[in-house]
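J.: predicted structure and sequence below. I'll ask about it afterward.
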Amino acid sequence: MASSYTPLGIELQATGENAGTWGTKTNTNLQIVEQISGGYTTQAVSDSGDTTLSVSDGSTGATLSHRIIEFTGSLTSGRNVTIPLDVQNFYILKNATSGSQTVTFKYATGSGTSAAIANGKTVIAYAKADDGTNPNISTVALAADVVDDTSPQLGGNLDT
């Protein structure tokens, strides 16, 4: 039986396979786990089309296998960044593009929910892979800037 791979690219070695190369393969797997648990990377997004994040089986460096992804580039319209249907992971996503456009983080196909990240904003997104054809991505927005609050309120007793 040959090796198989997880949706985030970790190699699952078959019993007795890869004699003499276990150290290298195990170290690569540990580096991938490190990326998944806390890695940071940037991903350029452009007006030329949507961006597809793919897995890199048995290799480090796949953008979708990083915990934190900062989207960069200059946009004149909103763009999609897609991931494969079987990816389950949570991400911290920041839209650092210029041009005041939204970046939508979603599965490659299907009509499940997605994460819309406004320009300059950061969200926590959980890719669920909860449906084989229409998986969902849930989001939690991080604290908004004080300037975004159009109706600030004070509470408690104030002394003047």
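T.: Perfect, thanks for sending it.
J.: any weak-confidence spans in the protein?
T.: Scanning the chain with the threshold set as pLDDT under 70 gives 1, 143-160.
J.: which stretches of it form strands?
T.: Secondary structure of the chain (DSSP state E): strands located at 4-5, 11-12, 40-44, 51-52, 68-72, 79-83, 89-95, 103-107, 115-117, 122-127, 137-141.
J.: please identify the deepest-packed of these.
T.: Ranked by mean neighbour count, the strands of the chain are led by strand 103-107 with a mean of 23 (mean count of other CB atoms under 10 Å). For the C-beta atoms, the positions are set from N, CA and C on the backbone; glycine is no exception.
J.: picking that back up, would you turn the strands of the chain into TSV with distance to T26?
T.: Output for these, formatted as TSV (distance: least, CB to CB, whole Å):
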stretch	distance to T26
strand 4-5	15
strand 11-12	9
strand 40-44	23
strand 51-52	29
strand 68-72	25
strand 79-83	26
strand 89-95	21
strand 103-107	30
strand 115-117	33
strand 122-127	26
strand 137-141	31
